[in-house]
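Colleague: What follows is a predicted protein model with its sequence.
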Amino acid sequence: MSDENAFRSIARAALPLYLSTLAASAGALVDTALLGRHATASLAAFAVTTAVFAPATATVAGALRGVMPFVVPCKGEPDALRPIVRNAMWLALTVGVVCAAAVASVPLIGDAVGVPVAVLDQLGVFPLLLAGSVLFIAVGQSATSVLVALGHGTQVMRAGLLSTATSVTLSVLLVGAPGPLPTYGLTGAGVAMLAAAVAGAWANQTTLRRRTVLAGHPLRPGRPDPRRMLRLAAVGIPLAGTVLIKFAVLGVLTFAAARVGTDSAAVHSVSESLVNVMFTVAVAVGQAMVPLTAGLAGEGDVAGVRRSLRAGVGVTLSAVAVLGAVLLLFRHSVVPLFTSDDALRPQVVSLLPLVLLVVVTDALQAVAGFALIGLKRTMPSLVSTAVWFGALAMVAVPVAEAGGLTALWAALACANLLQAVTKSVSFRVHSARGGATAPPSRPAGSPSAAGAAPGQEARVAGLADQPE
């Protein structure tokens, strides 16, 4: 596959994934806006809970992305895929229960960190509803990872749009309360988010069972296989750890910005929101790239594997360049969407060049990390993030106090760039080790060549391929 073909293939696969993410972000903004109009205390309680809910769901997604490279070698083999899907479900439930427990503990966490009692009193059953959402998101994500690896990104987008439509519709009815309808405030928002998670999980699981090579094959979880679960987890759990470290350090940066002043904290928050909108491009491209990288790695095509990373970087930078240009050209229209404070807008606009630099460097490190997923080598990503973001966390407060937001965001860009470099080096090293020679061809008359079941044992989800 040429560079141009790889570029087009990744771009086509990434587009529906990005649209799905954008729709989900829009749905979250609707919840925030409706709760803000309902009551300030409810909005504060919503923010406290989502501060735990967001990293919890990101951790679940990270853990289950590790399933993707195991799926690729078995695309056309239902019998080989079934154990992967079953153990992916058990992994999803295991990680989901842990993350759901964290979300359900929000009242205890809030009390421990000093959240005002008036805010905690607003929570009610909201944390429990979101804990249920985490479990259904985990179930849905176990199917999503398989579907993306099988090339069904459009169906994943449709499931995401259904989930967003469910969330927005119920939020308007239960929180916005049009006409004579009563408003249920934070509880209504929780019901909407839970229903959206259920809808998304149902749509993805249904697609997996009816519209893929697994159609007609039983996919009940059955009994877990600890050995295979651990091999899946060996790739996925470091990704979950990477996500947790990133969230924790970004929290430190928010704290550092708040120490500088109220305006700095607000400008930092708006700038982070702008980064998140554009950074999702890198996540979509990375997910689209994993199946291509994993497939070429399985064929022993070192040049092709490295070509996939170049193509992924090209697609990502092209998309970020377009989004960045739109942001700069329409900055005086876009920035007011995030803040109504006339005093803050010029400060946000002046920080935009650094915001775009952070987006570019963050996108580069993310794409390199996804390329490593395709090689089933995720520990280097965890180590890289721990080292460079750990260093950033240690210097964040003194840097912010000495140079303000400009210095803080420059430090963030440097940490991202160092991650991109180290992950790219790791990718180059592991791509050479994992694909120096093509797998030996099977004799034409062997049981494997004839499609006999014994010959499939080593290919079950690629599980015989031990990750580091």
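Modeller: That came through, no problem. Residues are numbered from 1 along each chain as shown.
Colleague: Give me the next element, helix or strand, following the helix or strand containing residue 357.
Modeller: For residue 357, the enclosing helix or strand under DSSP states H and E is helix 345-374. Downstream of helix 345-374, the next assigned helix or strand under DSSP H and E is helix 379-434.
Colleague: angle of that next one against helix 345-374?
Modeller: Here helix 379-434 runs at an angle of 40 degrees relative to helix 345-374 (axes from the mean of the first three to the mean of the last three CA atoms, to 10 degrees).
Colleague: if we can go back for a sec, what comes up buried for the helix holding residue 357?
Modeller: For helix 345-374, burial by neighbour count (16 or more other CB atoms under 10 Å) applies to 345, 347-349, 351-352, 354-374. Every C-beta, even on glycine, is put in place using the N, C-alpha and C of the backbone.
Colleague: Low-confidence stretches in the stretch 1-150 of the chain?
Modeller: Across the stretch 1-150 of the chain, the ranges flagged by pLDDT under 70 are 1, 32, 36-40.
Colleague: so where do the helices sit in it?
Modeller: If DSSP state H, counting those that start in this stretch is used as the criterion, the helices of the stretch 1-150 of the chain fall at 3-38, 40-65, 68-71, 78-104, 106-113, 117-120, 126-149.
Colleague: tell me the contacts of the nearest residue to residue 380 once chain neighbours are set aside?
Modeller: Nearest residue to residue 380, sequence neighbours excluded (CB to CB, 6 or more residues apart in numbering): residue 426, at 3.7 Å. Counting by CB atoms under 8 Å, 6 or more residues apart in numbering, residue 426 makes contact with 368, 372, 377, 380-381, 384.
Colleague: and which of those is nearest residue 58?
Modeller: In terms of CB to CB, no member of those lies closer to residue 58 than residue 381, at 14.3 Å.
Colleague: what's the spacing between the nearest residue to residue 44 once chain neighbours are set aside and residue 413?
Modeller: Distances taken as CB to CB, 6+ apart put residue 119 closest to residue 44, at 4.7 Å, once the chain neighbours are dropped. For residue 119, the distance to residue 413 (CB to CB, to the nearest Å) stands at 34 Å.
Colleague: So for stretch 66-79, first residue to last residue, what's the gap.
Modeller: End-to-end span of stretch 66-79 (CA to CA, to the nearest Å): 20 Å.
Colleague: So what does residue 300 have for phi and psi?
Modeller: Dihedral pair for residue 300: phi 70, psi 20, per degrees, to the nearest 10.
Colleague: Report the separation between it and residue 279.
Modeller: Applying CB to CB to residue 300 and residue 279 gives a distance of 33 Å.
Colleague: the more surrounded of those two?
Modeller: residue 279 (21 against 15; other CB atoms under 10 Å).
Colleague: Could you pull up the residues touching residue 399?
Modeller: Neighbour list for residue 399: 256, 407-408, 411 [criterion: CB under 8 Å, 6+ apart].
Colleague: With pLDDT as extra columns, can I get those residues in TSV?
Modeller: Shown next, in TSV, are the contacts of residue 399 (pLDDT from 0 to 100):
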residue	pLDDT
256	89
407	95
408	94
411	96
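Colleague: And these, which is closest to residue 195?
Modeller: Nearest to residue 195 among the contacts of residue 399, with distances taken as CB to CB, is residue 256, at 37.7 Å.
Colleague: Residue 75 reaches residue 150, doesn't it?
Modeller: Yes - contact criterion CB atoms under 8 Å: residue 75 and residue 150 qualify, at 6.0 Å.
Colleague: More neighbours: which of these two?
Modeller: residue 150 (23 against 16).
Colleague: could you check the distance from residue 185 over to residue 24?
Modeller: Distance, residue 185 to residue 24, by CB to CB: 22 Å.
Colleague: For these two, indicate the residue with more neighbours.
Modeller: Shown here are residue 185 and residue 24; by other CB under 10 Å, residue 185 has more neighbours (23 against 18).
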